[in-house]
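Asks: here you go, sequence then predicted model.
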Amino acid sequence: MECDKCDRDAVMHAAYSGGHLCEDHFCQSVEKRVRRRIREDSLVPRSATPENPETWVIGLSGGKDSVVLTSILDETFNNDPRIEMIALTIHEGIEGYRDASLDACVELAEDLDLRHEVVTYEDEFDLKMDDVVEKDPENMAACAYCGVFRRDLLSKYAEEYGATKLLTGHNLDDEAQTALMNILEGDVRQVAKHFDASLGSFDERGDSDHFIPRAKPLRDIPEKEVALYAHVKNLPAHITECPHSSEAFRGEIQQLLLNLESNHPGTRHSIMAGYEELAAIAANEYREDGEGDEQTNLVECERCGAATTRTVCRKCKLVEAVNAV
Ligand code: SF4
């Protein structure tokens, strides 16, 4: 099959748009959609100037999503004096997994001449995920611990580096899965939080003074296209599944969405379009009821000083529980 825009062979067919594109036009199409998302989410404010630049911290895990995000951001902004970028890798302490993806992060950061910081659960919390899984004091899935620890460190270090935004590589499939999970679980509060997804979701370390907006510039790009982009561009992405991956419900939703998308192309896009409207309504309801503004109820964690709605934050409680075993 020929590319729709030239006479070269197509490398991808997007059933949801009917398009066939060659390597070059496919890559241009991905980059165009990411840049459009950056514009629509107003990630570069008018106030950003060479004298007063934005500082973007990018969560770089070494997987295809974060590697593609970092590469496109670098290509777009590396000559723009209004934007400073720092790649941040969190090392969870998972034998045979994170070391390999850390190599990919280091290679990419060197290729792009990008500032790269690495923080580890071991240095920060005196634990490794491999030990957490073995001890499991709360009888929870590994990802439930890991997500709390990772969010804490991303926020803590984004704040430390003076970030004005924290960018992550969530793709369209990730976002559609999360949307469907929140709806199936009846979690309206989570749906409402999505309203601010392009510019922030509440997390326990952000209070109103230190709140660091979040952004997901890949959220319009399907997972397969992110993988193809990484392959075509020969980016150093590490494609191995974490041995502790335990999100069974997400796995079921993922399969359901793949089947739906195959029978009804465009399902993921329409889920997200409807979800964003729903989230706006839910967020307004919470605000009117005065329930949604969790940031006004924040106090400092007695142990680490992070902003939290409890006396001791969830991260400190989990760290203590693990280290007590
Ligand atoms: Fe952590 Fe789960 Fe991701 Fe593994 S799959 S790195 S345990 S969140």
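Replies: Thanks, I have it. Residues are numbered from 1 along each chain as shown.
Asks: which stretches of the stretch 101-250 of the chain have low pLDDT?
Replies: Counting by pLDDT under 70, the stretch 101-250 of the chain has low-confidence residues at 195-210.
Asks: show me what from it comes close to the ligand.
Replies: Proximity of the stretch 101-250 of the chain to the ligand (C-beta under 6 Å from any ligand atom) is limited to residues 129, 142, 143, 146, 147, 242, 244, 245. (Each C-beta comes from the backbone N, C-alpha and C, glycine too.)
Asks: got a PyMOL select line for the buried ones in the residues you listed?
Replies: Remark: buried members of those, expressed as a PyMOL selection using 16 or more other C-beta atoms under 10 Å:
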select buried, resi 129+142+143+146+242+244
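Asks: check which residues of the helix or strand hosting residue 99 are buried.
Replies: Per DSSP states H and E, residue 99 falls inside helix 98-112. Across helix 98-112, burial judged by 16+ other C-beta under 10 Å covers 98, 101, 102, 104, 105, 106, 108, 109, 112.
Asks: the first one touches residue 92, doesn't it?
Replies: Yes. The pair residue 98 and residue 92 qualifies as a contact (C-beta atoms under 8 Å) at a distance of 5.6 Å.
Asks: just to revisit the earlier point, select, from the buried residues of helix 98-112, the two members most distant in space.
Replies: Comparing every pair within the buried residues of helix 98-112 by C-beta to C-beta identifies 98 and 112 as the most remote, at 20.4 Å.
Asks: one step back: packing partners of the helix holding residue 99?
Replies: Counting contacts by 3 or more C-beta pairs under 8 Å, 6 or more residues apart in numbering; DSSP states H and E, helix 98-112 is packed against helix 64-77, strand 83-91, strand 115-120.
Asks: a markdown table for these, including distance to residue 178?
Replies: Below are the helices and strands packed on helix 98-112 laid out as a markdown table (distance: least, C-beta to C-beta, whole Å):
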| stretch | distance to residue 178 |
| --- | --- |
| helix 64-77 | 14 |
| strand 83-91 | 20 |
| strand 115-120 | 25 |
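Asks: TSV for those, including mean neighbour count?
Replies: Compiled in TSV, those are given as follows (neighbours: other C-beta atoms under 10 Å):
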stretch	mean neighbour count
helix 64-77	22
strand 83-91	22
strand 115-120	16
